[in-house]
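Visitor: what would the 3D arrangement of this be:
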Amino acid sequence: MRDAITLTNSERKELTRRANIRTGRAEDARRARLILLLAGGHTWDEVSKRLDCSRGFVASWSKRFTEQRIAGLYSRHLGQVTTVLTPGLEARILEVTRRAPAGGATHWSTRKLGAHLGVSHMMVARVWRKHWLQPHRMERNMASNDPDFEKKSADIIGLYLNPPAHAAVFSVDEKTAIQALDRKDPVLPLSPGRAERHGFEYFRHSTLSLYAVFNTKTGEVLGKTAARHTSAEFAAFLTDLVIDQPCGKEIHVIADNLSAHKSKPVTDFLAVHPKVHLHFTPTYSSWLNQVEPWFGKVERNVIARGVFTSVSDLKRKLLRYIRQYNKSSRTVKWKYTDPSRHISTQSVGTGH
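Guide: Below you'll find the predicted structure:
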């Protein structure tokens with residue numbers, strides 16, 4: 001049993017008033033009753049039982065009363081001092097956010113910046129949200145260094161917006177080195193509250209390349225797989241495209257600047273087929289090629305989570321996806337929202 005607390009008459013009167021008050025805070029009355037019980041000779045266990053509190057609660061408030069008497073029973077805010085967000089503090093938060101933190105980290109978090117500036121992390125979050133700042137996110141960009149960017153891009157945009165009459169426009173590209181990966185462990189299927197799970201070990205059954213041509217008018221895709229990615233295979237794929245079209249029809253093909261697209265087999269093919277015209281996108285501007293979003297669908301829907309027992313199995317599943325896609329193919333609703341940027345409206349013609 002701890003030493004009993006001795007109260008003066010004025011202290012007992014004040015504590016009794018607090019313990020019996022009905023309009024104040026319940027915690028104030030509880031602390032007053034605690035001190036009165038201890039002063040009456042009750043043990044800590046008895047006080048804990050009567051007030052339904054822990055021994056730590058009794059120890060904390062009895063110690064504060066012993067050291068500070070009545071003044072020690074007032075609540076004290078132990079958290080962070082509230083800071084008013086002034087324009088100057090807001091400007092400082094924005095300024096520091098744009099600088100890398102010391103210690104090797106690449107960007108700030110709200111808590112790290114709050115601790116650095118001595119403010120609440122929620123205040124930092126409010127300032128970031130107000131000014132649309134997201135230091136944890138990063139986007140990649142690549143600017144074209146092609147001196148003929150405007151001319152080439154206007155040519156391709158013209159093919160999309162105002163295609164030549166009685167001609168077909170296609171976007172062509174290849175997805176190379178697609179790996180036929182087979183999982184060592186069985187895939188655990190999706191279930192309520194649990195995502196599909198794949199083992200991290202796999203067998204690698206070599207690779208293949210997928211050539212695809214996207215019809216900008218119908219949205220249909222012509223696909224072909226090849227074991228190797230060569231200029232001869234690309235020329236052969238263009239031959240398949242020509243055979244698939246009516247004889248003598250003008251064909252415009254949009255492709256990127258890959259060396260295989262400008263090799264001698266391709267040049268010889270174009271010499272034999274004068275109705276076929278190749279249009280090359282500017283450097284670092286593959287976003288102009290409409291087949292690229294379609295390759296993104298193939299990656300998400302077939303390759304990323306696929307399990308392939310062999311290269312033949314990979315080929316079969318890719319071609320099956322193309323057949324199913326063509327049953328409900330959709331065109332790309334192409335638009336250029338701001339022609340004043342890099343592309344003048346006068347430059348966008350008929351695609352020639």
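
Visitor: partner strands of the helix or strand in which V169 is found, parallel or antiparallel?
Guide: Following DSSP states H and E, one finds V169 within strand 167-183. Next to strand 167-183 in the sheet, as set by DSSP bridges, lie strand 202-215 (antiparallel), strand 250-255 (parallel).

Visitor: looking at those, which is nearest to S120?
Guide: Evaluated with C-beta to C-beta, the strands paired with strand 167-183 place strand 202-215 nearest to S120, the distance being 47.1 Å. Every residue, glycine included, has its C-beta placed from N, CA and C.

Visitor: identify the residues contacting the longest helix along the chain?
Guide: The helix that spans the most residues within the chain, counting by DSSP state H, is helix 311-327. Defining contact as C-beta atoms under 8 Å, 6 or more residues apart in numbering, one finds that helix 311-327 is touched by 178, 180, 205-208, 210, 212, 220-221, 223, 225, 227, 297-298, 301-302, 306, 308.

Visitor: 7 Å instead?
Guide: Residues from elsewhere that reach helix 311-327, judged by C-beta atoms under 7 Å, 6 or more residues apart in numbering: 178, 180, 205-206, 208, 210, 220-221, 223, 225, 298, 301-302, 306, 308.

Visitor: what pLDDT, on average, does that helix get?
Guide: Regarding helix 311-327, the rounded mean pLDDT is 93.

Visitor: do stretch 226-236 as well
Guide: Here stretch 226-236 scores 87 as its mean pLDDT.

Visitor: next, the buried residues of that stretch.
Guide: Neighbour counts over stretch 226-236 (16 or more other C-beta atoms under 10 Å) mark A226, H229, S231, E233, F234, A235, A236 as buried.

Visitor: mind listing which of those are in helices?
Guide: Residues from the buried residues of stretch 226-236 lying in helices, with DSSP H as the criterion: S231, E233, F234, A235, A236.

Visitor: which residues of the stretch 51-200 of the chain score low on pLDDT?
Guide: Along the stretch 51-200 of the chain, segments meeting pLDDT under 70 span 76-83.

Visitor: can you map out the helices along it?
Guide: Using DSSP state H, counting those that start in this stretch, the helices of the stretch 51-200 of the chain run over residues 55-68, 87-97, 110-117, 121-130, 149-161.

Visitor: can you tell me which of these is most buried?
Guide: Highest mean neighbour count of the helices of the stretch 51-200 of the chain: helix 149-161, a mean of 20 (counted as mean count of other C-beta atoms under 10 Å).

Visitor: about what we covered before: among the helices of the stretch 51-200 of the chain, which is nearest E250?
Guide: helix 149-161 (11.5 Å).

Visitor: for that closest one, name the packing helices and strands.
Guide: Where contact means 3 or more C-beta pairs under 7 Å, 6 or more residues apart in numbering; DSSP states H and E, helix 149-161 is packed against strand 250-255, strand 276-280.

Visitor: those strands into TSV, with extra columns for mean pLDDT and distance to L36?
Guide: Shown next, in TSV, are the helices and strands packed on helix 149-161 (pLDDT from 0 to 100; distance: least, C-beta to C-beta, whole Å):
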stretch	mean pLDDT	distance to L36
strand 250-255	92	89
strand 276-280	91	91
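
Visitor: picking up where we left off before, in a markdown table: the helices of the stretch 51-200 of the chain, plus distance to K249.
Guide: Below are the helices of the stretch 51-200 of the chain laid out as a markdown table (distance: least, C-beta to C-beta, whole Å):
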| stretch | distance to K249 |
| --- | --- |
| helix 55-68 | 88 |
| helix 87-97 | 57 |
| helix 110-117 | 60 |
| helix 121-130 | 55 |
| helix 149-161 | 15 |
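
Visitor: got a list of what the nearest residue to R228 once chain neighbours are set aside touches?
Guide: Setting aside the residues directly before and after it, R228 is nearest to S209 in space (C-beta to C-beta, 6 or more residues apart in numbering), at 7.0 Å. Neighbouring residues of S209 by C-beta under 7 Å, 6+ apart: E174, K175, T176, A177, I178, T225, A226, H229.

Visitor: report the beta-bridge partners for S209.
Guide: With DSSP bridges as the rule, S209 is bridged to A226.

Visitor: buried residues in the strand holding V169?
Guide: Neighbour count says strand 167-183 has 167-175, 178, 180-181, 183 buried, by 16+ other C-beta under 10 Å.

Visitor: and if you look at stretch 244-255?
Guide: For stretch 244-255, a neighbour-count test (16+ other C-beta under 10 Å) marks Q245, I251, H252, V253, I254, A255 as buried.

Visitor: same thing with stretch 258-270?
Guide: A260, H261, S263, P265, V266, F269, L270.

Visitor: how far away is the residue nearest to R228 from H166?
Guide: Distance, S209 to H166, using C-beta to C-beta, to the nearest Å: 32 Å.

Visitor: same check, this time on P282
Guide: 27 Å.

Visitor: for those two, indicate the residue with more neighbours.
Guide: The residue with more neighbours, out of P282 and H166, is P282; 22 against 8, by other C-beta atoms under 10 Å.

Visitor: wait, the more buried one touches D146, no?
Guide: Yes. P282 is in contact with D146 according to C-beta atoms under 7 Å; the separation is 3.9 Å.

Visitor: now for the two: what residues contact both?
Guide: Counting by C-beta under 7 Å, 6+ apart, the residues touching both P282 and D146 are K152.

Visitor: ok so, going back, return the member of the ones in helices among the buried residues of stretch 226-236 nearest to I157.
Guide: F234 (24.0 Å).

Visitor: distance of the residue most central in space within the chain relative to W128?
Guide: The residue lying closest to the centre of the chain (C-alpha atoms, centre = their mean) is R137, at 7.5 Å. Between R137 and W128 the computed distance is 11 Å (C-beta to C-beta).

Visitor: thanks again, I'm all set now.
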